[in-house]
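[1] Prediction below, plus the sequence it came from.
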2 protein chains.
Amino acid sequence: MEKLTIIKVGGKIVEEKQSLEQLLDSFAAIQGNKLLVHGGGRSATQIAAQLGIETQMVDGRRVTDEAMLKVVTMVYGGLVNKNIVAQLQARHINAMGLTGADLNVIQSHKRLPNPIDFGFVGDVDKVNGKQLANLISTGIVPIMAPLTHDCEGHLLNTNADTIAGEVAKALTPYYNIRLIFCFEMAGVMQDVNDEQSVIPHINATDFKRLVDNGTIQGGMIPKIQNAIDAIDAGVEEVIITKASAIDCNKGTKITK
Amino acid sequence: MEKLTIIKVGGKIVEEKQSLEQLLDSFAAIQGNKLLVHGGGRSATQIAAQLGIETQMVDGRRVTDEAMLKVVTMVYGGLVNKNIVAQLQARHINAMGLTGADLNVIQSHKRLPNPIDFGFVGDVDKVNGKQLANLISTGIVPIMAPLTHDCEGHLLNTNADTIAGEVAKALTPYYNIRLIFCFEMAGVMQDVNDEQSVIPHINATDFKRLVDNGTIQGGMIPKIQNAIDAIDAGVEEVIITKASAIDCNKGTKITK
């Protein structure tokens, strides 16, 4: 099977001109099949504020009422996605922007309102791996925004880490997959203030221990859980690393 | 050659829930290959106002400074496009949203600032008809937002009528094309206040006469010019009609 590199990038990296350009240079340089999943939360919060819409977060996740759904549809599906596509095309990458609604690539259902009502947030039911594989096989580079749909005409806000993990799993029948979660830090660290303390390997047992002893906290917990699930589902390699290091094998490797 | 129906729809139709649903029902019912080009100007004006950005129009065309480019990227590429895609998927149409940057389908250049500086507005250089035809041949229904790119990383705002006309022309080597411009009125009318006064056929000679005597004015002039150019370039049929009549051969036909 051919290789496929899936990069998930979020946070400040996609929302500041210089760091985005660096990331896109690195992404463009990756050889072979590739796919990008992006976030855009900071821009959504900023545009929402400009529109007089207050952002409410619970456990690091956005509560998405109707007005906020409109904002994330504009920001993730439009502003962030299309600018990445245009900038990759300028780098001769045949990028195509997608939400889960486009070509019905990701179906989801609205999360139940208990225990917390997150509003128009979608939990993934099915990724159409065959459709994505068909696109990739023709040289297309999918650029995926963190939006899915319920097949009844509604878009739903969906966590970008989740999308990256689910897409990776759905593509395992077609490709040997390397999944890289990029963020501001050098990897999963023993001490968040010490860049040198990156943990090189984490497996499911390590993960439990590191959560129990408080080394892994907050938003890192679902991120690593996604990574472990992906490995369990047959993804070849999952790496959590700095955006500037996406092609040099640094960071934390999630292993069996 | 197979047939392809291209629908251009703009104005209030795509921006009010009920009229959009009617349009999407009619669009979904069209047999065979199809493609939709949409506008979204009213929503862009509204969101811009909410963001404190003033809309400036010259000759019915939007002046697009950097802030307005951000708005139209969000509204056309995100809000309007992705909602149409999700609602067509709910109607079992395999819709895929595209700007001109996606798959490099429409290259343009920034319009010169003389005589009027329209800002980030793109004049179309090239439509990649082959790429679009490849998608359509696999059953994909492209949903095109009125944005293009300059191949140097910049999105540009481009008139949706122009996009519809240029896309139609670029697809003539692959399909027998019927191009339908939908708007609020029943067609080109002798008297805009009389729904019964639709002019059934207009050719290039009629067009000149109707512009000279003032029957055709304002935004209708470039719309019909686009239509005449499309016919000259080999598009089989161009119709200007009401959105509610897209599949019943009413309205104004543009002929050789």
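    That came through fine.

[2] switch to C-alpha atoms for all contacts and neighbour counts from now on
    Fine.

[3] How far does stretch A:199-208 sit from its chain's centre?
    The chain centre lies 21 Å from the centre of stretch A:199-208; the measure is CA atoms, centre = their mean, to the nearest Å.

[4] Any figure for the gap between the residue of chain A most remote from its centre and chain B?
    Going by CA atoms, centre = their mean, the residue of chain A most distant from its centre is residue A:52, 27.3 Å out. Distance, residue A:52 to chain B, using CA to the nearest CA, to the nearest Å: 8 Å.

[5] again, but for residue A:123
    16 Å.

[6] where's that residue, which helix or strand?
    When elements are assigned from DSSP states H and E, residue A:123 belongs to strand A:122-127.

[7] partner strands of the host helix or strand of residue A:35, parallel or antiparallel?
    In this assignment (DSSP H and E), residue A:35 forms part of strand A:33-38. Its sheet considered, strand A:33-38 pairs with strand A:3-9 (parallel), strand A:141-144 (parallel) by DSSP bridges.

[8] In CSV: those strands, plus distance to residue A:118, mean neighbour count and mean pLDDT.
    Formatted as CSV, those follow (distance: least, CA to CA, whole Å; neighbours: other CA atoms under 10 Å in any protein chain shown; pLDDT from 0 to 100):
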stretch, distance to residue A:118, mean neighbour count, mean pLDDT
strand A:3-9, 23, 22, 97
strand A:141-144, 22, 25, 98
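
[9] For residue A:107, give me its contacts.
    Counting by CA atoms under 8 Å, 6 or more residues apart in numbering or on different chains, residue A:107 touches A:100-101, A:124-127, A:148-151.

[10] repeat that for 6 Å
    Residue A:107 is in contact with A:125-126, A:149-150, counting by CA atoms under 6 Å, 6 or more residues apart in numbering or on different chains.

[11] same check, this time on residue A:65
    Residues in contact with residue A:65 (CA under 6 Å, 6+ apart) are residue A:119.

[12] From chain B, how far out is it?
    With CA to the nearest CA as the criterion, residue A:65 and chain B are 15 Å apart.

[13] how about the helices in chain A?
    Ranges of helices in chain A, per DSSP state H, are A:17-29, A:41-50, A:66-72, A:81-89, A:129-137, A:160-171, A:204-212, A:220-232.

[14] So how do I select the buried members of the contacts of residue A:107 in ChimeraX?
    Applied in ChimeraX, the following selects the buried portion of those according to 16 or more other CA atoms under 10 Å in any protein chain shown:
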select /A:126,149,150
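
[15] Nearest to residue B:132 among the contacts of residue A:107?
    Nearest to residue B:132, judged by CA to CA, of those is residue A:149 at 24.1 Å.

[16] in chain A, what spans have low per-residue confidence?
    A:247-248 (pLDDT under 70).

[17] Output the set of residues of it in proximity to chain B.
    Residues of chain A lying close to chain B (CA under 6 Å from any CA of the partner chain) are A:50-51, A:73-75, A:77-79, A:86-87, A:90, A:94-96, A:101-103, A:151-153.

[18] how about 8 Å then?
    When proximity is defined as CA under 8 Å from any CA of the partner chain, chain A approaches chain B at A:50-51, A:70, A:73-79, A:82-83, A:85-90, A:94-99, A:101-104, A:140, A:149, A:151-155.

[19] Could I have the buried ones of the residues you listed as PyMOL selection syntax?
    Remark: buried members of the residues of chain A next to chain B, expressed as a PyMOL selection using 16+ other CA under 10 Å:
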select buried, chain A and resi 51+70+73+74+75+76+77+78+79+82+83+85+86+87+88+89+90+94+95+96+97+98+99+101+102+103+104+140+149+151+153+154+155
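
[20] Report the beta-bridge partners for residue A:148.
    Assigned bridge partners for residue A:148, using DSSP bridges, are residue A:156.

[21] so it sits right up against residue A:158, yeah?
    Yes. Under the criterion of CA atoms under 8 Å, residue A:148 makes contact with residue A:158 at 6.3 Å.

[22] what is in contact with the two at once?
    Here residue A:148 and residue A:158 share the contacting residues A:122, A:124, scored by CA under 8 Å, 6+ apart.

[23] Neighbour count for the two, which is higher?
    residue A:148 (33 against 25; other CA atoms under 10 Å in any protein chain shown).
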